[in-house]
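Q: Would you be able to build a 3D model of this:
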Amino acid sequence: MSLEVLILRDCERLVLLPSEVGSLRRLEVLDVQGTEIKKLPNKISELSSLIYLKVSFYGSVNWSEYAKLPHELVSRGVIANLLELETLSIDVYPGDRRWNKNVKSVIDELGKLTNLTTFCCYFPEVEFLELFLGTSNWSLSEFGVSNLDGMRLCVARECPKIETIIASKELSEAVFPILEHLSINYLSNLSTILEGMIPPESFAKLRILTVHTCPKLQFVFASSMLHFFSNLEELIVEDCPAITEIIYQDLVVDSGSGTLPSLKKLKLHYRPRLVNIMKGKWPPIKNISFYDCPVLKKLGIDFIASHTIKGITAENDWWKELEWQDTSFHLRLRAHFSPICDDDL
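A: Reported below is the predicted structural model:
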């Protein structure tokens with residue numbers, strides 16, 4: 001059969017993917033997300049042309065039902081044989097112990113997928129993320145993390161033991177040199193995003209950074225790390241109550257130097273302790289959104305930024321109470337201000 005695309009997304013009654021799917025040798029796209037498949041058939045490994053795979057697995061908290069499920073979600077060697085794979089997404093039932101046993105073998109096999117650019121999965125323990133990122137005490141080459149240099153999207157979500165995203169110990173190769181989008185969500189113990197100095201060219205292509213609901217995070221960047229993010233265009237930080245400043249000044253900032261020089265969009269919501277955004281020269285930012293930042297009294301916007309900004313959204317009362325060092329900036333920006341609405345939240 002010459003079928004190239006098979007999409008069974010959100011077929012909630014689909015619990016078994018027949019092994020005959022392995023005969024679709026020309027299949028390039030297989031999407032079974034939103035289904036209740038209990039195990040990925042071993043024959044999937046024969047899909048030598050597959051470049052896109054998204055799958056959801058059924059799980060249960062009922063012990064008697066759980067005992068009847070297959071012992072593993074993905075057999076060893078299945079992922080490693082999908083050598084053309086560019087996109088891989090694996091959704092699992094929260095707390096599924098089968099995935100806790102399976103995840104390491106899946107990560108080990110990712111190193112063989114030299115074309116992989118997008119990977120999404122749940123890391124049940126911090127050591128699995130460290131293994132994936134290559135920040136454990138083992139070498140990068142042992143787990144093939146250097147082969148993931150083509151990854152463009154990374155999502156870290158609901159991993160309660162994670163305290164930092166990247167720790168620089170013993171790293172000799174650039175971390176995610178062409179990563180374009182990093183999303184960090186619901187990490188209850190995250191205290192820093194980067195720790196220590198990382199190799200040159202790390203995050204060189206990162207354009208979008210989103211941080212949601214990380215209650216222990218106190219800042220987003222250290223000033224000594226800013227040069228790694230020269231291509232960052234969009235920064236969204238929401239529901240991080242401990243953050244007092246976006247950029248922590250661990251180095252003296254030259255007032256003439258650029259700070260995130262490519263930044264165009266900034267969104268800061270639910271930041272009750274935020275007192276400062278950035279020091280030094282502002283980027284040519286175009287759109288800013290604020291919400292629930294009650295102790296932020298001064299924006300610190302400079303002359304250039306006051307001319308590049310095309311839109312500001314915030315609460316009306318908060319905007320009226322802002323303090324301005326130069327009233328001409330206020331008059332200029334007022335023309336671009338609009339009260340925030342539900343669609344902005």
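
Q: can you give me the strands for the stretch 51-200 of the chain?
A: Secondary structure of the stretch 51-200 of the chain, counting by DSSP state E, counting those that start in this stretch: strands at 52-57, 87-91, 118-120, 153-157, 164-167, 181-185, 192-195.

Q: so Y66 sits right up against Y58, yeah?
A: No - Y66 is not in contact with Y58 according to CB atoms under 8 Å; the separation is 10.5 Å. Yep, even glycine has a C-beta here, placed from its N, CA and C like the rest.

Q: These two: which is more packed in?
A: Using other CB atoms under 10 Å, the more surrounded residue of Y66 and Y58 is Y58, with 19 against 14.

Q: Next, count neighbours for the closest residue to that one other than its chain neighbours.
A: Sequence neighbours aside, E36 is the residue nearest to Y58 in space, at 3.8 Å (criterion: CB to CB, 6 or more residues apart in numbering). For E36, the count of nearby residues is 16 (other CB under 10 Å).

Q: With E201 instead?
A: Residues contacting E201 under the criterion other CB under 10 Å number 15.

Q: Look up how far H227 lies from it.
A: Noted for E201: a distance of 11 Å to H227, by CB to CB, to the nearest Å.

Q: A335 too?
A: Applying CB to CB to A335 and H227 gives a distance of 34 Å.

Q: So for those two, which residue has more residues nearby?
A: H227 (12 against 8).

Q: is it true that that one lies in a helix?
A: Yes - H227 sits within a helix when classified using DSSP: H, G, I helix; E, B strand; the rest coil.

Q: Between the strands of the stretch 51-200 of the chain, which one is closest to S328.
A: Minimum separation from S328 across the strands of the stretch 51-200 of the chain (CB to CB) falls at strand 192-195, 35.8 Å.

Q: Tell me what angle the next helix or strand after that closest one forms with strand 181-185.
A: Reading on from strand 192-195 to the C-terminus, the next helix or strand found by DSSP states H and E is strand 208-212. If you take axes from the mean of the first three to the mean of the last three CA atoms, to 10 degrees, strand 208-212 sits at 0 degrees to strand 181-185.

Q: in its sheet, what does the next helix or strand after strand 208-212 sit against?
A: Per DSSP H and E, strand 208-212 leads on to strand 221-222 as the next helix or strand towards the C-terminus. When pairs are called by DSSP bridges, strand 221-222 turns out to pair with strand 247-248 (parallel).

Q: what does the partner strand contact?
A: Residues outside strand 247-248 that contact it (CB atoms under 8 Å, 6 or more residues apart in numbering) are Q218, F219, V220, F221, A222, S223, L226, T259, I277, M278, K279.

Q: What of stretch 30-41?
A: Taking CB under 8 Å, 6+ apart as the rule, stretch 30-41 contacts 6-19, 21-22, 44, 47, 50, 52-58, 69-70, 72-75, 78, 89, 91.

Q: quick revisit: the residue nearest to Y58: what secondary structure?
A: Three-state call for E36 (three-state DSSP): strand.

Q: Can you show me the helices along the protein?
A: Using DSSP state H, the helices of the chain run over residues 63-66, 97-110, 126-133, 140-143, 303-308, 316-320, 327-334.

Q: Make a markdown table from those helices and add distance to E233 and mean pLDDT to it.
A: Listed next are those as a markdown table, based on distance: least, CB to CB, whole Å; pLDDT from 0 to 100:
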| stretch | distance to E233 | mean pLDDT |
| --- | --- | --- |
| helix 63-66 | 45 | 76 |
| helix 97-110 | 28 | 87 |
| helix 126-133 | 23 | 73 |
| helix 140-143 | 28 | 34 |
| helix 303-308 | 13 | 82 |
| helix 316-320 | 25 | 94 |
| helix 327-334 | 21 | 87 |
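
Q: Sort out which of the contacts of stretch 30-41 are buried, if you could.
A: Buried residues within the contacts of stretch 30-41, defined by neighbour count using 16 or more other CB atoms under 10 Å: 6, 14, 17, 21-22, 44, 47, 50, 52-58, 69, 73-75, 78, 89, 91.

Q: so who does I165 touch?
A: I165 is in contact with L133, A156, L182, I184, L190, T192, I193, L194, counting by CB under 8 Å, 6+ apart.

Q: Buried ones among the residues you listed?
A: The buried subset of the contacts of I165 - by 16+ other CB under 10 Å - is L133, A156, L182, I184, L190, T192, I193, L194.

Q: how close does the last one get to L24?
A: Here L194 is placed at a distance of 43 Å from L24 (CB to CB).

Q: I figured L179 was touching L153, is that so?
A: Yes - L179 lies in contact with L153 (CB under 8 Å); the separation is 7.4 Å.

Q: The two: who's more crowded?
A: Using other CB under 10 Å as the criterion, L179 and L153 rank with L179 on top: 22 against 16.

Q: which residues touch the more buried one?
A: Listed by CB under 8 Å, 6+ apart, the contact partners of L179 are M151, R152, L153, C154, F203, K205, L206.
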